[in-house]
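>>> model this:
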Amino acid sequence: MSNQAKSNIDSSIGKVFKDYRKKHHLTQDKIAEKLDISEKYISRLENGNSGVKLETLVNYMNILGIAPNVVFHDLIINEDVKFQVDLSYKISNLSEQKLKFLDLFVDHLKDL
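Numbers count the residues shown, from 1 in each chain. As a prediction, this is how the structure comes out:
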């Protein structure tokens with residue numbers, strides 16, 4: 001199994017940050033204000049030119065509603081974990097009604 005290069009990790013996470021910021025129609029300035037960090041740091045993160053501190057990662061995910069499976073989707077290479085992440089990623093794109101149905105279905109499966 002090969003290790004991920006830091007630049008690949010930074011680029012992947014930066015792309016997710018940028019996509020979600022734009023999805024929420026926020027400027028770099030606005031997200032920097034919400035995260036209490038500099039706009040320059042946001043730019044470096046989104047362009048993959050800087051690593052993200054754990055605190056910033058968690059705050060970014062909370063503010064923009066980014067699930068961990070989305071952040072790490074393209075970075076996981078372990079096949080067992082990748083299957084779980086892929087499944088979680090698919091689930092995260094379901095409608096609220098389908099999520100409720102799936103929750104009931106999973107509860108039913110656990111009881112079998």
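>>> kindly export stretch 94-108 (C-alpha atoms) in CSV.
As requested, the backbone C-alpha atoms of stretch 94-108 are provided in CSV (Å, rounded to 0.1, in the frame of the first residue of the first chain):
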residue,chain,number,x,y,z
LEU,A,94,-29.8,10.8,-0.8
SER,A,95,-32.9,12.8,-0.2
GLU,A,96,-34.2,13.2,3.4
GLN,A,97,-37.1,10.8,2.6
LYS,A,98,-34.7,8.2,1.3
LEU,A,99,-32.4,8.6,4.2
LYS,A,100,-35.3,8.0,6.6
PHE,A,101,-36.3,4.9,4.7
LEU,A,102,-32.7,3.6,4.7
ASP,A,103,-32.4,4.2,8.4
LEU,A,104,-35.5,2.0,9.0
PHE,A,105,-34.1,-0.6,6.6
VAL,A,106,-30.8,-0.7,8.4
ASP,A,107,-32.6,-1.0,11.8
HIS,A,108,-34.5,-3.9,10.3
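>>> so for the helix or strand containing D86, what gets flagged as buried?
Counting by DSSP states H and E, the element that carries D86 is helix 79-92. Judged by neighbour count (16 or more other C-beta atoms under 10 Å), helix 79-92 contains these buried residues: V85. Quick note: C-beta positions are derived from backbone N, CA and C, even for glycine.
>>> from the contact counts, what lies against it?
Contacts defined by 3 or more C-beta pairs under 8 Å, 6 or more residues apart in numbering; DSSP states H and E place helix 79-92 against helix 68-72.
>>> distance check, N93 against L57.
Noted for N93: a distance of 21 Å to L57, by C-beta to C-beta, to the nearest Å.
>>> higher neighbour count, those two?
L57 (17 against 9; other C-beta atoms under 10 Å).
>>> what residues sit buried inside the strand or helix carrying the more buried one?
L57 belongs to helix 54-64 when elements are defined using DSSP H and E. Residues 56-57, 59-61, 64 are the ones in helix 54-64 that count as buried (16+ other C-beta under 10 Å).
>>> now do it, average pLDDT.
Taken as a whole, helix 54-64 has a mean pLDDT of 95.
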